[in-house]
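**Q** Everything below, folded, please.
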Amino acid sequence: MRFLIATALALVPTLAAAEDWKTLNDNEILQVLTGVHVEYVAARQEFLASGVTIYNTGEKKTGRWSVNKDRYCSSFPPAEITCYTVDQQIEDETRLRFTGPTGKIFNGRIVSLP
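**A** Numbers count the residues shown, from 1 in each chain. Next comes the predicted model:
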């Protein structure tokens with residue numbers, strides 16, 4: 001019985017490692033987002049090098065994006081600028097997690113590269 005418990009516990013760090021995330025800094029956010037398309041559950045977003053972002057839920061919204069103090073920031077007029085921390089999954093670098101100022105999380109996946 002102890003062997004089974006020890007074996008099960010030995011697997012826990014491996015399983016947890018598969019879900020490890022790294023919080024990105026300014027340069028990393030720029031490197032990861034510039035020129036890519038990110039797909040969310042019900043939307044797709046394009047991050048142009050010019051600072052333009054296009055958010056498409058079937059209806060396209062064009063806004064601006066930037067990086068400030070290790071956060072991705074966007075504005076879709078008439079809305080104010082909203083900034084998000086960006087985490088990248090270590091095992092699958094196409095998986096991103098955006099956490100807004102209220103703690104709401106938006107999971108996405110990079111679906112095209114520059």
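
**Q** so what's the most centrally placed residue in the chain bridging to?
**A** Central residue of the chain (C-alpha atoms, centre = their mean): residue 96, 2.8 Å from the mean position. With DSSP bridges as the criterion, residue 96 is bridged to residue 88, residue 108.

**Q** tell me what the helix or strand that contains residue 38 is packed against?
**A** Assigned by DSSP states H and E, residue 38 belongs to strand 37-39. Applying 3 or more C-beta pairs under 8 Å, 6 or more residues apart in numbering; DSSP states H and E, we find strand 37-39 packed against strand 44-47, strand 105-112. The C-beta positions use only the backbone N, C-alpha and C, and glycine is treated the same way.

**Q** Can you check which of those gets nearest to residue 68?
**A** Among the helices and strands packed on strand 37-39, strand 44-47 comes nearest to residue 68, with 14.9 Å by C-beta to C-beta.

**Q** May I have that closest one exported as CSV, CA atoms only?
**A** Taking Å, rounded to 0.1, in the frame of the first residue of the first chain, the C-alpha atoms of strand 44-47 are listed here in CSV:
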residue,chain,number,x,y,z
ARG,A,44,-10.2,35.6,-32.2
GLN,A,45,-7.8,38.5,-31.8
GLU,A,46,-5.1,39.8,-34.0
PHE,A,47,-2.1,41.8,-32.6
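
**Q** Next secondary structure after that strand?
**A** Toward the C-terminus from strand 44-47 - assigned by DSSP H and E - lies strand 52-56.

**Q** which residues of the protein score low on pLDDT?
**A** By pLDDT under 70, the weakly predicted segments of the chain are 1-18, 113-114.

**Q** what comes up buried for stretch 21-30?
**A** 24, 29 (16 or more other C-beta atoms under 10 Å).

**Q** would TSV of the helices and strands packed on strand 37-39 with mean neighbour count be doable?
**A** Output for the helices and strands packed on strand 37-39, formatted as TSV (neighbours: other C-beta atoms under 10 Å):
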stretch	mean neighbour count
strand 44-47	20
strand 105-112	14
